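Student: Coordinates for the following, if possible.
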Amino acid sequence: HGLGEIPCVWLQPGQQQTSYPVLDATVRYVGQAIGIVVASSRESAEDVAELLEISYEPTPVVRNAIHGLQPDAPQVNAALATNVAVELTRGSSWEEVAPLVESADHVIRRRMRIQRVSAQPLETRGVVATWDPALERLTVWISTQAVHHVREHLAGVLGLHFDQIRVISPDIGGAFGAKDHLYPDEILACAASVR
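Tutor: Residues are numbered from 1 along each chain as shown. As a prediction, this is how the structure comes out:
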């Protein structure tokens with residue numbers, strides 16, 4: 001498809017993966033973008049979409065984060081050494097704290113499980129992109145919290161210069177962090193306009 005990789009917005013020291021592909025032959029999660037249909041009307045797009053036949057080969061599943069840490073867990077990304085994205089230590093190390101825990105009169109151990117959480121603002125994501133071939137300029141209206149990330153990352157993924165991209169963010173409503181980076185479907189809409 002000729003697109004660059006999407007850089008991760010937030011990076012931690014030692015993070016294994018710092019970017020990811022717009023499209024990937026391996027589907028790793030529900031809702032992952034697998035392609036795009038471009039048409040002159042909604043009806044034509046729906047007709048083309050009905051003609052598509054997509055098949056998947058089942059692969060072993062990582063049920064949750066605890067399962068993903070087990071030695072026999074399937075690798076979510078075979079190109080990485082482990083399912084652990086990054087290990088961070090904040091404050092004291094366990095070696096410094098362990099003697100204090102062992103000498104305490106009472107020690108309470110609990111495993112806390114927190115459900116999967118994602119931001120779900122009432123205002124959905126949306127993107128409109130138009131390429132001006134005479135000016136070689138892309139204008140993007142997008143529901144984003146971070147217009148500079150969008151411009152920088154689009155430039156890298158599409159192989160354009162920053163000054164070839166104008167990003168307009170209208171009233172975005174709620175976001176809660178979910179509109180802080182580019183999604184593959186948004187990039188695909190921009191790439192389709194450029195092509």
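Student: what ranges of this protein fall below the confidence cut-off?
Tutor: 1 (pLDDT under 70).
Student: Which parts of the protein are helices?
Tutor: When assigned using DSSP state H, the helices of the chain occupy the ranges 42-51, 65-68, 94-103, 147-158, 184-194.
Student: Between those, which one is closest to A33.
Tutor: With distances scored as Cβ to Cβ, the stretch of the helices of the chain nearest to A33 is helix 184-194 (3.9 Å). Quick note: C-beta positions are derived from backbone N, CA and C, even for glycine.
Student: What are the contacting residues of that closest one?
Tutor: The contact list for helix 184-194 (Cβ atoms under 8 Å, 6 or more residues apart in numbering) reads 1, 3, 6, 22-23, 32-33, 35-36, 38, 125, 127-131, 138, 140, 142, 154, 157-158, 160.
Student: can you name the farthest residue from the center of the chain?
Tutor: Most distant from the centre of the chain: D105, at 45.4 Å, with distances by Cα atoms, centre = their mean.
Student: Report the separation between that residue and V140.
Tutor: Taken as Cβ to Cβ, to the nearest Å, the spacing of D105 relative to V140 amounts to 61 Å.
Student: Check E123 too.
Tutor: 17 Å.
Student: Compare the two (neighbour count), which wins?
Tutor: The neighbour count for E123 versus V140, taken as other Cβ atoms under 10 Å, is higher for V140 (24 against 12).
Student: still on that earlier bit, adding mean neighbour count and distance to G14 as columns, could you present the helices of the chain in TSV?
Tutor: Compiled in TSV, the helices of the chain are given as follows (neighbours: other Cβ atoms under 10 Å; distance: least, Cβ to Cβ, whole Å):
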stretch	mean neighbour count	distance to G14
helix 42-51	10	42
helix 65-68	13	18
helix 94-103	9	17
helix 147-158	19	22
helix 184-194	20	25
